[in-house]
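# Provided below for reference: sequence and predicted model.
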Amino acid sequence: MNISETLRAKIARHQKLATGVAVAGALACIVAAMTNPTVFYRGYLLGFMYWMNITLGCLGLVMLHNLVGGDWGHASRRFLEAGMRTLPLMALLFILLIPGIPYLYEWATEHAAHDHILQQKAFYLNTQAFLLRAVLYFGFWFLWMWMLHKRSQEFEKTPNLDIVKKAENISGPGAVLFFLITTGASYDWVMSIEPHWYSSIYGAFFVVCQGLVTLAFAIVMTKWFSNYEPFDELTVPKRFHDLGKLMHGFIVLWTYAAFSQFLIIWSANLPEEIPWYLHRIRNGWQVVALGLMIFHFFVPFFILLSQKLKRKKNLLVKVAVYMLFMRFVDLYWQIIPAFPNDGEIHSLHLHLSYLIPVIAIGGAWLAAFFWLLQSRSLLPLPDNSYEAVTGELEHA
């Protein structure tokens, strides 16, 4: 058995393991949903958004690499393409979220009929419009995913300059539409949990979060594959350094978006906006908020200032795994405080039903990811043809 076959065998074993986790998690989800559907659907939304962020982040980064090029995308290209192709799975998982709409969104309950503000927003915040927009969101993501995947397959068979230009032409307007569509999805699926609150920077914040968690995931996968030929030659220290710099930049962008939102809302002191932060800095949640400030920004920011660390894959991958965890903590802080734990008190709490869906969806996502990864050549691109063609494009 050669090295390539060994790697494929390992991928197949990981796929089977992920499938087992997904099946066991699905059974646990059924029990949790029957026991306490209110709490279960909160955890389901949390799990769905975490893995959906990686799926959309893969789609966004593929478009970004088509536009700007760079060595950072060569080694991780196959992982990003396999990740974006998990969209059908995420669409199916979104359908399973539909029964939970009345448990998650105040505007979908009987209480909305007695709320003056919700009545004014009813033309937008209603179940029919919510589902119609979801169809439009997934329709756009599916279309661009299919076009990008088709160009990638064509380039793998016959590398030439025309295919690279087509991919750029698709990715240019796609990146703009991606930002707008993803902004709408973040408003609908997360921000409307507290429909009295609104933030114009929330969409940009979510896009940055998607890029950050996806880069962390790409670093983990690139490091794993770098242990095998011929990836050990492809994944040179410079490419880990580039990925580390990008992750560092996205950490700064996350901090800028989060702090800008907080500063503007807190200084304005408007009664319809301040409660969103009050739910997240009181009753124990202030510990999480402070932890995010320290461990999501300061710690990784100063660690990744080191050029030496970013070029050492064994150290960089530890930071990446750490950021995958902190991204979950941040999303937990974004979603769960919206729901009261004890009467009307939005206190810090952790429920097993919040974690089960994250694990179950993660198992299903990784099983699909590994299966899709094996459906194409494991090498990011054939030989050095991509570098040759893109070099020709730069001089054209």
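Perfect, thanks for sending it. Numbering: from 1, shown residues only.
# report the contact partners of the closest residue to residue 351 other than its chain neighbours.
Excluding its sequence neighbours, the residue lying closest to residue 351 (CB to CB, 6 or more residues apart in numbering) is residue 39, at 5.4 Å. Yep, even glycine has a C-beta here, placed from its N, CA and C like the rest. Applying CB atoms under 8 Å, 6 or more residues apart in numbering, we find residue 39 in contact with 32, 351, 353, 354.
# what helix or strand is the first one located in?
What that stands for is residue 32. helix 3-35 (DSSP states H and E).
# enumerate the positions of that helix that are buried.
The neighbour-count check on helix 3-35 (16 or more other CB atoms under 10 Å) flags 7-8, 11, 14-15, 18-19, 21-22, 25-26, 28-29, 32-33 as buried.
# distance check, the residue positioned nearest the centre of the chain against residue 136.
With distances taken as CA atoms, centre = their mean, the residue of the chain nearest its centroid is residue 53 (1.7 Å). As defined by CB to CB, to the nearest Å, residue 53 lies at a distance of 19 Å from residue 136.
# same check, this time on residue 357
When distance is defined by CB to CB, residue 357 is 25 Å away from residue 136.
# between these two, which one's more packed in?
Neighbour totals were compared for residue 357 and residue 136, and residue 357 leads with 29 against 13 (other CB atoms under 10 Å).
# isn't the more buried one right up against residue 49?
No. With contact defined as CB atoms under 8 Å, residue 357 does not count as touching residue 49 (10.5 Å).
# what do the two both touch?
If you check residue 357 and residue 49 against CB under 8 Å, 6+ apart, no residue is contacted by both.
# wait, residue 152 touches residue 80, no?
No. With contact defined as CB under 8 Å, residue 152 does not reach residue 80; the gap is 10.0 Å.
# compare those two (neighbour count), which wins?
residue 80 (27 against 20).
# what's the closest residue to the more buried one other than its chain neighbours in contact with, if anything?
Distances taken as CB to CB, 6+ apart place residue 58 nearest to residue 80, at 4.5 Å, with adjacent residues excluded. Contact partners of residue 58, counting by CB under 8 Å, 6+ apart, are 79, 80, 81, 82, 83, 84, 86, 214.
# name the helix or strand for the second one, please.
Element membership for residue 80, per DSSP H and E: helix 72-84.
# what is that helix packed up against?
helix 37-68, helix 127-157, helix 202-225, helix 231-234, helix 237-268, helix 352-374 (3 or more CB pairs under 8 Å, 6 or more residues apart in numbering; DSSP states H and E).
# could you dump those helices into JSON lines with mean pLDDT and distance to residue 277 added?
Output for the helices and strands packed on helix 72-84, formatted as JSON lines (pLDDT from 0 to 100; distance: least, CB to CB, whole Å):
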{"stretch": "helix 37-68", "mean pLDDT": "96", "distance to residue 277": "19"}
{"stretch": "helix 127-157", "mean pLDDT": "95", "distance to residue 277": "25"}
{"stretch": "helix 202-225", "mean pLDDT": "94", "distance to residue 277": "13"}
{"stretch": "helix 231-234", "mean pLDDT": "72", "distance to residue 277": "45"}
{"stretch": "helix 237-268", "mean pLDDT": "92", "distance to residue 277": "7"}
{"stretch": "helix 352-374", "mean pLDDT": "96", "distance to residue 277": "21"}
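# nearest to residue 314, out of those?
Smallest distance to residue 314 across the helices and strands packed on helix 72-84 (CB to CB): 7.5 Å, for helix 202-225.
# got the angle between the closest one and helix 72-84?
If you take axes from the mean of the first three to the mean of the last three CA atoms, to 10 degrees, helix 202-225 sits at 110 degrees to helix 72-84.
# now helix 202-225 - C-alpha only, CSV.
In CSV, the C-alpha atoms belonging to helix 202-225 read as follows (Å, rounded to 0.1, in the frame of the first residue of the first chain):
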residue,chain,number,x,y,z
TYR,A,202,-24.1,42.4,12.4
GLY,A,203,-23.9,41.0,8.9
ALA,A,204,-20.3,42.1,8.5
PHE,A,205,-19.5,40.6,11.9
PHE,A,206,-20.9,37.2,10.9
VAL,A,207,-19.0,37.2,7.6
VAL,A,208,-15.8,37.8,9.5
CYS,A,209,-16.6,35.0,11.9
GLN,A,210,-17.2,32.6,9.0
GLY,A,211,-13.8,33.5,7.6
LEU,A,212,-12.0,33.1,10.9
VAL,A,213,-13.5,29.7,11.9
THR,A,214,-12.9,28.4,8.3
LEU,A,215,-9.3,29.4,8.3
ALA,A,216,-8.8,27.6,11.6
PHE,A,217,-10.4,24.5,10.2
ALA,A,218,-8.2,24.8,7.0
ILE,A,219,-5.1,25.0,9.1
VAL,A,220,-6.0,21.8,11.0
MET,A,221,-6.7,19.9,7.8
THR,A,222,-3.6,21.2,6.0
LYS,A,223,-1.4,20.2,8.9
TRP,A,224,-2.9,16.7,9.0
PHE,A,225,-2.4,16.2,5.3
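# what are the buried residues along it?
202-225.
# other SSEs contacting it?
By 3+ CB pairs under 8 Å, 6+ apart, helix 202-225 packs against helix 37-68, helix 72-84, helix 161-189, helix 237-268, helix 313-335.
# dump these into JSON lines; add distance to residue 362 as well.
Below are the helices and strands packed on helix 202-225 laid out as JSON lines (distance: least, CB to CB, whole Å):
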{"stretch": "helix 37-68", "distance to residue 362": "6"}
{"stretch": "helix 72-84", "distance to residue 362": "13"}
{"stretch": "helix 161-189", "distance to residue 362": "18"}
{"stretch": "helix 237-268", "distance to residue 362": "20"}
{"stretch": "helix 313-335", "distance to residue 362": "10"}
